[in-house]
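Chemist: how does the following fold in three dimensions:
(one chain, ligands or ions: 1)
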Amino acid sequence: SDLYGIKNWGSGYFDVSDAGNVVITPFGENGPTVSIPEVIGGLKDRGMNLPVLLRIENILEHQISVLHDCFNSSIHELGYKGEFRGVFPVKVNQQEQVIRKIAEYGKEHHHGLEVGSKAELIAALAYLEDKEACLVCNGYKDQEFVDMALYACKMGFNCILVLEMPGELPLILERSEALNVVPQIGVRIKLSSRAGGHWVESGGDLSIFGLSTAEVVDVLDALREKGRLDSLQLLHFHLGSQISNIRDIREALREACRVYAGLVDEGAQMKYLDLGGGLAVDYDGSHTNYLSSRNYTLKEYCADIVETVMSIMDEREISHPYIITESGRATVAYYSVLLFDILDVSRLEERPVPETLPEGTPEPILNLLEVYNSISLKNLQECYNDAIYYRDEVRQMFRVGNSSLRDRSVAETIFWAIIKEIALRVDNVKRPSEEMAGIQDSLASIYYANMSIFQSLPDAWAIEQLFPVMPVHRLDEQPTEKVVLADITCDCDGKLDRFIDTRGVQRTLDLHSLRQGEAYNLGAFLVGAYQETLGDLHNLFGDTNVVSIHVEPDGSFDFVRELDGDSVADVLSYVEYDPKAVLERFRTMAERGVREKYITPSERFSIMKAYEKCLRGSTYLKACGSKTSC
Ligand code: PLP
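Modeler: Next up is the predicted model:
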């Protein structure tokens, strides 16, 4: 069954078992499965509580292979004479384990890395062992950056310095002479083509990145003058991330191919055409050109690219270049799942509506009761309008002191009873107004999720990015609650209220009711790209625990890496506290408490122990079913 649209967005990596659990299917639909609740059980046995970021290594390995397989089959089928070289843009997930695994899994495909800063370059140089793989240096560069990249060339890395600004060229030429290295140079261009989506500004004439055509011509002239035209080997463009429409990609590529041909005409020894990132992830599973989706398959993406490059190069009788893509999102998104528990629920309480109201009750409250008693299918909209009107009147009276706290409370009770009655009937209304159609959502329960959206799903807040979210167990039971998720930060933006579903995007998520003393676990899927890096310390919630599993072909799995999340002391140190000094200050406070007789010495002992434990402990809460408390 396609619960929560899992078959649409899961890309064959996730499914629901007959037992009602979400399972990982790292070897495809008919291969062995790993049950996520079983993984959670294993973590709890090891004393690791949720929230946990679960990384599934096999998925990363498979995503890299599948990208190369798809490009290689298009190259083979179309008779393309060049090769494909993937590079992973470090910015998309810089975590050590991710880069180490990409370098390891990428070796057989000569999958390289793309860096945009000195720090990323330093990391890449320590991990990229394959000298045939490309190391693409984008980003603004100073002398230190340029020198490091040139040393890399000297050491045999296939390192290409891509000009982000015209001013970088003299520096590269000067330093390569000084260090006696022949540099491989690329140019990043601004295309006039633009794509739709969140990152439109990454492309187009107004893009802040890359060289204009006139600047490219200046670069050519400068290189010619220095007798170094042979160093210019790569053309780079990046249209933006998550390009949902394949037409945008084709259009930009056609333009880039013409520039490439122009550079060849000018005498550059062109070898590489680098399309940047942009390969989208179908987060909502709709297979459309919506922002959270893409209207093409990977196969189509590869075939369209190979075919476009080939046709223009053939027309111009130019050798087929190496095709480079810098796919980040599509490489790592599927690989990580955020697992978290639900701490509590807040729902609108059902309260009895009084049959009669005492004498002296303000008029608008009497009117509300009348509305409640007159609800029928025929007058739903009218009742809705009246309910809002009278409720607002009561609120206004309260504000100016003309009604009591109790009056207001009775009014709210009747108002919500009316809304509930309308919600029960609204499905039978043929064409409900927009506000009436959304009435059931307004009655949604709030489930409190033990995580921080700002730390773990920052794009859900910053750019309203949709991520698939669903329970990872109890899926053989009918969900009974319509829910909005709130995180544990004290920020009203710390909530999720747009959810992916087979019926399209929903304002509420269908969840099961919580059971006393039993954990209820949810997963936010496809979170491997950008989220870890962009996450922040809002309310000082730190990194979650991270666990990697590797699944064997027989379905057994190992916990290959466990990383404890930030402790309270860690996050305090990130914001310039010295945890030792903090402890010392609190010790002094406690001593003063004893001296001034607020607490006894033995209470001081217990309080100090609790403080130290909290300082060492996780920033997240301990939910039901966790090892240490419930
Ligand atoms: N290359 C460059 C230059 C980028 O700026 C980016 C990100 O925006 C990427 C590659 C990765 O893009 P994506 O994650 O869409 O593959």
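Chemist: give me the contact list for the helix or strand hosting Met313.
Modeler: Remark: Met313 resides in helix 298-315, with elements defined by DSSP states H and E. Under the contact criterion CB atoms under 8 Å, 6 or more residues apart in numbering, helix 298-315 has outside partners 66-67, 70-71, 73-75, 77-80, 82, 84, 246, 249-250, 253-254, 257-258, 260-261, 273, 275, 279, 296, 319-321, 323, 325, 330. C-betas here are computed from N, CA, C, even on glycine.
Chemist: quick check, it touching the ligand?
Modeler: No - Helix 298-315 lies apart from the ligand when judged by CB under 6 Å from any ligand atom; the minimum separation is 11.3 Å.
Chemist: rewinding a little: now, the contacts of helix 298-315 that are in helices?
Modeler: 66-67, 70-71, 73-75, 77-78, 246, 249-250, 253-254, 257-258, 260-261, 330 (DSSP state H).
Chemist: buried by neighbour count, from these: which ones?
Modeler: Among the ones in helices among the contacts of helix 298-315, those classed as buried by 16 or more other CB atoms under 10 Å are 67, 70-71, 74-75, 246, 249-250, 253, 257, 260-261, 330.
Chemist: up against the ligand, what does the chain have?
Modeler: Residues of the chain found near the ligand, taking CB under 6 Å from any ligand atom as the criterion, are 89, 92, 114, 138, 238, 241-242, 276-279, 326-329, 529.
Chemist: what is the most widely separated pair among those?
Modeler: Greatest spatial distance in the residues of the chain next to the ligand: Asn138 and Gln242, 18.3 Å, computed using CB to CB.
Chemist: per-residue confidence at the residue of the chain most remote from its centre?
Modeler: Among the residues of the chain, the one whose C-alpha is farthest from the average of all C-alpha positions is Glu359, by CA atoms, centre = their mean at 57.4 Å. Here, the pLDDT recorded for Glu359 equals 92.
Chemist: and it, which of the three is it?
Modeler: Three states are possible here, and by DSSP: H, G, I helix; E, B strand; the rest coil the one that applies to Glu359 is coil.
Chemist: please apply the same query to Ile342.
Modeler: strand.
Chemist: which residues does it contact?
Modeler: In this structure, Ile342 makes contact with Tyr447, Tyr448, Ala449, Asn450, Leu511, Leu514, Tyr520, Asn521, Leu522, Ala623, judged by CB under 8 Å, 6+ apart.
Chemist: look up which residues are beta-bridged to it.
Modeler: In this structure, Ile342 has beta-bridge partners Ala449, where bridges are defined by DSSP bridges.
Chemist: ok, it to the ligand distance?
Modeler: Look at Ile342 and the ligand: by CB to the nearest ligand atom, to the nearest Å, they are 31 Å apart.
Chemist: also Gln396?
Modeler: In this structure, Gln396 and the ligand are 50 Å apart, going by CB to the nearest ligand atom.
Chemist: backbone dihedrals for that residue, please?
Modeler: According to degrees, to the nearest 10, the main-chain angles of Gln396 amount to phi -70, psi -40.
Chemist: between the contacts of Ile342, which is nearest the ligand?
Modeler: Proximity to the ligand was ranked across those by CB to the nearest ligand atom; first place goes to Leu522, at 25.3 Å.
Chemist: so the closest one belongs to a strand, correct?
Modeler: Yes - going by three-state DSSP, the assignment for Leu522 places it inside a strand.
Chemist: surely it meets Asn450?
Modeler: No - Leu522 lies out of contact with Asn450 (CB atoms under 8 Å); the separation is 9.6 Å.
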